[in-house]
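A.B. asks: What would the 3D arrangement of this be:
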Amino acid sequence: MLKLRVSVNKEAMKIVDKMLSEEESLNIKSYKSKSGATVIDCGVEVVGGYRAGIYVSEVCLGGLATISLTLDTYDDLSLPSIVEFIDSPTIACMGSQYAGWKISYEKFSALGSGPARALALKPKKLFKKIEYQDYSDEAVLVLEANEYPPDEALVNVASACKVDPENLYVIVAPINSIVGSIQVSCRVVEVGIHKLDVVGFDIKRILGGFGKCPIAPLHPDPMIMMGLTNDVLIYAGDVSITVSYENDEELASLVSKVPSSTSPSYGKPFYEIYKEAGFDFYKVDPRIFAPASITMYNKVSGKVHKGGRVDMKLLVKLLSASLGIS
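C.D. replies: All right, here's what the predicted structure looks like:
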């Protein structure tokens, strides 16, 4: 198995150490579980915030990204947005950030993302495809959850990662928190890479990536919030990727299949799409899970291929309807 020289867990730990040293100013808090694992609350019982959101998103990406915030105004609606630049994006996004590990124990259930996956190889098939496995005595996991994980679940995670529980660090943030909303928007490049994989592109040929995406406004209902965080990706997520590919005609064909507009569900609020599918993700047309726009820069030929477009007018219309903006 090809092993990248950098360890996503060790790089992420540099950020975790900063978070732990800045808890008060970041509006987060941490505690030690019974087994000794460190749990960092970024929105369950605390407010969290924008800086914490950037830190958590960089942790998700294994410390291989630079993320910043900007503010954009569309008509009369101002929305904060993330801008991210990612090195080794296939490893950062698919080998770390991708929410590919379901963590469950009794009544607790949450999707796990972040570099710990590269130790536990969750899912194994994906890590075999990208030819990466991490080796670290410390593990960092990010959970999208509105409650703290039970200690038994933490012990199971540590065991799967082959680390002592004392060396496990778990960040928890609900989707309807500032941190939770930011970290979803920061998945814009990951969503693009995942869709490229689905349409048959060899994602190991990706050299670098950057993206921009609005941050969804908060809503108290987690289900509606889930819809809003998908809406900003689907209608305004803008991804650019540099690749090394010999066949430009084939590359252009692949790029045309990526944007969310290839789905017949395009144009509706995601919450409505999800509701029509009986709240079953497996019944949602998978073509909708994609960025609005993707641009591919081919290092081999120097040509640029583009698919889809950002539609901010449509996004503002959908957000206004969902949030009751007058």
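A.B. asks: by contact count, what packs against the host helix or strand of L233?
C.D. replies: Using DSSP states H and E, L233 falls within helix 222-236. When contacts are defined as 3 or more C-beta pairs under 8 Å, 6 or more residues apart in numbering; DSSP states H and E, helix 222-236 sits against helix 178-185, strand 206-214, helix 270-276, helix 312-323. For glycine as for every other residue, the C-beta is placed from the backbone atoms N, C-alpha and C.
A.B. asks: Need the contact partners of the longest one.
C.D. replies: In other words, helix 312-323. 74-75, 77, 214, 216-217, 219, 224, 227-228, 231-232, 235-236, 267-269, 271, 325-326 (C-beta atoms under 8 Å, 6 or more residues apart in numbering).
A.B. asks: ok, of these, which come out buried?
C.D. replies: Among those, those classed as buried by neighbour count (16 or more other C-beta atoms under 10 Å) are 77, 214, 216-217, 219, 224, 227-228, 231-232, 235-236, 268-269, 271.
A.B. asks: Out of those residues, which is nearest to T295?
C.D. replies: The closest of these to T295 turns out to be A236 (C-beta to C-beta; 14.6 Å).
A.B. asks: Distance-wise, check that closest one relative to S81.
C.D. replies: 8 Å (C-beta to C-beta, to the nearest Å).
A.B. asks: Which residues are in contact with each of those two?
C.D. replies: Contacts common to A236 and S81, judged by C-beta under 8 Å, 6+ apart, are C213, P214.
A.B. asks: what's the most distant pair in the buried ones among the contacts of helix 312-323?
C.D. replies: The most distant members of the buried ones among the contacts of helix 312-323, if one measures by C-beta to C-beta, are L77 and K268, lying 19.4 Å apart.
A.B. asks: Show the contacting residues for V142.
C.D. replies: Contact analysis of V142 by C-beta under 8 Å, 6+ apart lists V56, V59, C60, G112, S113, G114, V170, I171, V172, A173, Q183.
A.B. asks: what residues are up against the residue nearest to the third one when sequence neighbours are not counted?
C.D. replies: Taking C-beta to C-beta, 6 or more residues apart in numbering as the measure, C60 lies nearest to Q97, with 4.4 Å between them; neighbours along the chain are not counted. With contact taken as C-beta under 8 Å, 6+ apart, Q97 is in contact with C60, L61, G62, S113, G114, C186, R187, E190.
A.B. asks: Most neighbours of all these, which one?
C.D. replies: Counting neighbours by other C-beta atoms under 10 Å, L61 leads the contacts of Q97 with 34 neighbours.
A.B. asks: Which residue, neighbours along the chain excluded, lies closest to that residue?
C.D. replies: A92 (4.4 Å).
A.B. asks: So that neighbour sits against E58, correct?
C.D. replies: No. With contact defined as C-beta atoms under 8 Å, A92 does not reach E58; the gap is 9.7 Å.
A.B. asks: and these two? which has more neighbours close in?
C.D. replies: A92 (29 against 25).
A.B. asks: show me what contacts that one?
C.D. replies: A92 touches V8, L61, G62, L64, A65, I86, counting by C-beta under 8 Å, 6+ apart.
A.B. asks: What does the pLDDT read for the second one?
C.D. replies: With respect to pLDDT, L61 scores 98.
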